[in-house]
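Novice: coordinates only, sequence not included:
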Ligand code: GAL
């Protein structure tokens, strides 16, 4: 059983820091006291600029998530070639309908702790959206165009001796630069790192585990050292490896005498290694002390895991010797109502939900992830494909990455690989998604160049790419050169790819793209492509997809049949802002319909379909649709059951509708879903009794017709928060009838009030068509539910969350906040 509360203790292990007393390295997160303005103010780079009237914000910050939503914010007249469109049409909301386009400035006083002669200072940006220009005391110290990548700037020479420093950052988002909501601003963390002159630079270690067996694991640690401006002296690196319990399990000391270079190589042996896997995410850490002569100059910690994997022709993928298929999802980076502003607790909640789903892998589509996500995947056990680009030289959108590709692609790949090559969760690197260069002249050479760069920086992991242009990519050598061919939405062509490609294995790098809206069911129930309804919603019978995409079942059948197919990455785990297909032209709609979970993080029915295949540890038995259909009496209302039991009997008001078993039929879906297609609606209840393989009745699930809304109920994902100013609780408000049944059609507006040591942060209901703002403490329920996010303050204490709705008794929920070690 997955226990989310065991993670915070591990999280502490992974922080790169040392006791302040050692004064070797100090790392500070620059979170508070930023000033921000939208619009271009070139003079703001200067230290004496007056910014008192600007807004005070804390970072991570997404300037656009506060809205308002407006289809005019991101109008695009485009022909989306990837979607097989034949002519250009006007799209609204393609990038979320939020006001992220334009320039913004951030400024902050910069106090550099214990800075002085012989010290170095570096700013590390985890990501800045986008086209960042960084100024310290009026001097430009760095620039990085790609908003998703991490980059660092050495600011030592720009700092003033009197310690009064000003940091300013200019960011600019161009129109038509993205296919989804990118966010805006300093949406990821900014770190200030102060070291001695002799130090390990940013991402300065590279740790691999070249040989692993039951008795021992060889660990090879390469550590770079920088000694700017000082005469070379003898350097010594003392390294100790600790296991997850903090016990030292290996040590070594290496000296480096000039002029033999500036990189240490250390080889250590860990006895009886505990292997990292999604089920056993065991982490080790290597702590190194760097001495120049007898003086301790730096201390650096590298968190790592010990695991091996293989990709073998005809056999596919194995981790630690065990064959397995990726049960993966693709995710964009936004966190729904929080926008792009990264928050560890929000990511942990997503991963907690994905664990319950049985998911074990994530593809970080279509860009570099936040470091918090990678760290959590190490700790909680998810395998990652870390992706870099959505386009290369040939554009998909007018002002996309193609404008930077020639000058920046190598630098972007190098930073990505250096940042994450010690993380055990990272299994593959992706050099691109559906890049139009798949079929353009020169595209194959670009693919080779990018793959070579990645191999040069990390020869231990394979390179993949998501391909959609099957004929071109298989025909021209593009697919053949990749370490791991990844196909997007091509389940029927895997056997052909197997016959034509040399690798002997492949991946469903992007699958399904089924569309649905939580709680919405359309009649008659039928398989459909690109189906649109007047309410801009999609049906949750999970039979609707796009012209290029499929129902989940079409992928399942191939995954089960083909041993060389190494799993799938479903598009997507969570709904995201932007790309409201099939309603790209039908504002209002600001978010996707592809998610297994909606924008509020609430599971759609599809959650249980995937869970019934992926979560092998606990049973799934889920019925759809809801059973509150006034006016449908006597009409055909199909009932589906998503379950990992082989068969079940359905009862409507106690009357059997027969027993169904998963089995092939003329409908593909019957292999994966139990379906009663002729059920006539009558109010009351539907109930399934599930049978195990031996034919024994083992479980039941019932859905009742709901009465009128009677009260609100609040349910928190956890009741105890860390009082760190960042931790979040997700509180689902349900509109229920007198018996506690969810009222599946309720749209009541719910108002939230938060008192005590917490504050209201955001609310979402998963309705893609809603224009209500996420940061206002009120929103309408969508199909009876919505989710409020409450953020802890830095003071321990209690939090009271109150929800009210006109005509219904309010509900109150109490949360506690306390120290980091408190169980969640
Ligand atoms: C794919 C693309 C994704 C998303 C998806 C929607 O072709 O790679 O980014 O657009 O389609 O189905």
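Specialist: Done, it's in. This one's a predicted model, so the numbers in the text were calculated from it and none came from an experiment.
Novice: Isn't residue 344 up against residue 380?
Specialist: No - Residue 344 is beyond contact range of residue 380, at 11.5 Å (criterion: Cβ atoms under 8 Å). The way it works is simple: take the backbone N, C-alpha and C, and place the C-beta from them, glycine included.
Novice: Point me to the helix or strand that includes residue 291.
Specialist: strand 284-292 (DSSP states H and E).
Novice: and that strand, average pLDDT?
Specialist: Averaged across strand 284-292, pLDDT comes to 97.
Novice: now stretch 640-651
Specialist: Here the average pLDDT along stretch 640-651 is 98.
Novice: can you list the residues that contact that stretch?
Specialist: 541-542, 605, 608-609, 611-613, 615-616, 619-624, 639, 656-662, 673-676, 679, 686-693, 698-699, 701 (Cβ atoms under 8 Å, 6 or more residues apart in numbering).
Novice: Tell me which of those fall in helices.
Specialist: The helices, defined by DSSP state H, take in 605, 608-609, 611-613 from those.
Novice: can those go into a markdown table with extra columns for neighbour count, distance to residue 790 and pLDDT?
Specialist: Shown next, in a markdown table, are the ones in helices among the contacts of stretch 640-651 (neighbours: other Cβ atoms under 10 Å; distance: Cβ to Cβ, whole Å; pLDDT from 0 to 100):
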| residue | neighbour count | distance to residue 790 | pLDDT |
| --- | --- | --- | --- |
| 605 | 24 | 27 | 99 |
| 608 | 24 | 27 | 99 |
| 609 | 26 | 31 | 98 |
| 611 | 23 | 27 | 98 |
| 612 | 23 | 32 | 98 |
| 613 | 18 | 34 | 98 |
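Novice: for these, which one is nearest the ligand?
Specialist: residue 609 (17.7 Å; Cβ to the nearest ligand atom).
Novice: what's near enough to touch the closest one?
Specialist: 542, 552, 642, 672-673.
Novice: With neighbour count and distance to residue 138 added, can I get the residues you listed in a markdown table?
Specialist: Shown next, in a markdown table, are these (neighbours: other Cβ atoms under 10 Å; distance: Cβ to Cβ, whole Å):
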| residue | neighbour count | distance to residue 138 |
| --- | --- | --- |
| 542 | 24 | 57 |
| 552 | 24 | 55 |
| 642 | 22 | 60 |
| 672 | 19 | 62 |
| 673 | 25 | 64 |
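Novice: Output these in TSV, with distance to the ligand appended to each entry.
Specialist: Below are those laid out as TSV (distance: Cβ to the nearest ligand atom, whole Å):
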residue	distance to the ligand
542	15
552	13
642	22
672	21
673	22
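Novice: Buried ones among the contacts of stretch 640-651?
Specialist: 541-542, 605, 608-609, 611-613, 615, 620-624, 639, 657, 660, 662, 673-676, 679, 686-691, 701 (16 or more other Cβ atoms under 10 Å).
Novice: Now intersect those residues with the strands, please.
Specialist: Residues of those located in strands (DSSP state E): 621-624, 639, 657, 660, 674-676, 686-691, 701.
Novice: Around the ligand, which positions in the chain sit nearby?
Specialist: Residues of the chain found near the ligand (Cβ under 6 Å from any ligand atom) are 82, 366, 433-434, 468, 488, 510, 513, 546, 549, 571, 579.
Novice: Format those residues as JSON lines; extra columns: neighbour count.
Specialist: Listed next are the residues of the chain next to the ligand as JSON lines, based on neighbours: other Cβ atoms under 10 Å:
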{"residue": "82", "neighbour count": "15"}
{"residue": "366", "neighbour count": "25"}
{"residue": "433", "neighbour count": "26"}
{"residue": "434", "neighbour count": "22"}
{"residue": "468", "neighbour count": "20"}
{"residue": "488", "neighbour count": "24"}
{"residue": "510", "neighbour count": "27"}
{"residue": "513", "neighbour count": "22"}
{"residue": "546", "neighbour count": "21"}
{"residue": "549", "neighbour count": "23"}
{"residue": "571", "neighbour count": "26"}
{"residue": "579", "neighbour count": "27"}
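Novice: So which of those residues are in helices?
Specialist: Among those, DSSP H puts none in helices.
Novice: Residue 481: neighbour count?
Specialist: Other residues within reach of residue 481, judged by other Cβ atoms under 10 Å, total 20.
Novice: Could I get the contacting residues of residue 429?
Specialist: For residue 429, the contacting residues are 385-388, 416-417, 454, 458, 461-464, by Cβ under 8 Å, 6+ apart.
Novice: buried set for stretch 202-219?
Specialist: Neighbour counts using 16+ other Cβ under 10 Å place 202-209, 212, 217-219 of stretch 202-219 among the buried residues.
Novice: swap in stretch 155-169?
Specialist: 155-156, 158-159, 165-169.
Novice: what do you get for stretch 78-96?
Specialist: Neighbour-count burial for stretch 78-96 [16+ other Cβ under 10 Å]: 78, 80, 83, 91-96.
Novice: what does that stretch rub up against?
Specialist: 64, 69, 71-72, 74-77, 176, 178-182, 396-397, 434, 436, 468, 546-548, 577-581, 583-585, 587-591.
Novice: I'd like to know which of those residues are buried.
Specialist: 64, 69, 71, 74-76, 176, 178-182, 396-397, 434, 436, 468, 546, 548, 577-581, 583-584, 587-591.
Novice: Inside strands: which ones of those residues?
Specialist: Mapping the buried ones among the contacts of stretch 78-96 onto strands (DSSP E) picks out residue 76.
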